[in-house]
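In: Sequence and predicted structure are below.
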Amino acid sequence: QLQLAESGGGSVQPGGSLRLACAASGVAIDYWIFTWFRQAPGKAREAVACISTVPRSTDIADSVKGRFTISWDQAKSTAYLQMNNLKPEDTGVYYCGSESNYVDSCPRGVRDMDYWGRGTSVTVSP
């Protein structure tokens with residue numbers, strides 16, 4: 001059973017940066033896809049960034065392209081979401097999802113995820 005633990009959320013002013021981490025544990029991480037989602041109050045959960053471990057590929061949502069990047073540290077079994085130039089519309093709870101998958105590539109959707117973390121809150125306000 002895979003466990004995912006997000007960290008790194010917080011409150012920042014517009015233009016600020018945060019780096020979220022999603023630490024995976026419980027099973028060997030071979031062919032996995034990790035996706036960062038976010039959910040603003042009253043809105044549906046949306047994917048913002050995706051990375052597959054083997055082969056390595058990534059996808060970034062258009063709404064955050066140029067500001068967010070995703071990376072994977074195999075040694076630490078951790079996926080990172082670097083968020084720069086944050087805007088108030090980036091506010092929400094950020095969730096890490098994962099699936100064991102060696103067939104498909106990014107991007108992936110909410111229904112594709114087999115495992116979820118509990119989320120970490122990001123607030124962007126003046």
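Out: Great, that's in hand. Everything numeric in this text was worked out from a predicted model, so none of it was measured.
In: Run through the neighbouring helices and strands of whichever strand or helix holds Ser98.
Out: For Ser98, the host element (DSSP states H and E) is strand 92-100. Helices and strands touching strand 92-100, by 3 or more CB pairs under 8 Å, 6 or more residues apart in numbering; DSSP states H and E, are strand 3-7, strand 18-25, strand 32-39, strand 115-116, strand 120-124. The way it works is simple: take the backbone N, C-alpha and C, and place the C-beta from them, glycine included.
In: check contacts around the residue nearest the centre of the chain.
Out: In the chain, the centroid-proximal residue (CA atoms, centre = their mean) is Trp36; its distance is 2.1 Å. Each residue near Trp36 by CB atoms under 8 Å, 6 or more residues apart in numbering is listed here: 20, 22, 47-50, 70, 79, 81, 94-97.
In: who does it bridge with?
Out: In this entry, Trp36 is beta-bridged to Ala49, Cys96, by DSSP bridges.
In: Quick check: the gap between it and Pro126.
Out: 25 Å (CB to CB, to the nearest Å).
In: again with Ala61
Out: Here Ala61 is placed at a distance of 24 Å from Pro126 (CB to CB).
In: between those two, which one's more packed in?
Out: Per other CB atoms under 10 Å, whichever of Ala61 and Pro126 has more neighbours is Ala61, with 16 against 6.
In: So what touches the strand or helix carrying Ile51?
Out: Element membership for Ile51 (DSSP H and E) is strand 46-52. The contact list for strand 46-52, computed with CB under 8 Å, 6+ apart, reads 31-39, 57-61, 63-64, 68-72, 79, 81, 94, 101, 105-110.
In: Mind checking what helix or strand follows it in sequence?
Out: Downstream of strand 46-52, the next assigned helix or strand under DSSP H and E is strand 57-60.
In: tell me the mean pLDDT for that next one?
Out: Averaged across strand 57-60, the pLDDT comes to 94.
In: still on that earlier bit, what would the helices and strands packed on strand 92-100 look like in CSV with distance to Lys87 and mean pLDDT?
Out: Converted to CSV, the helices and strands packed on strand 92-100 look like this (distance: least, CB to CB, whole Å; pLDDT from 0 to 100):
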stretch, distance to Lys87, mean pLDDT
strand 3-7, 20, 97
strand 18-25, 12, 97
strand 32-39, 12, 96
strand 115-116, 25, 96
strand 120-124, 6, 98
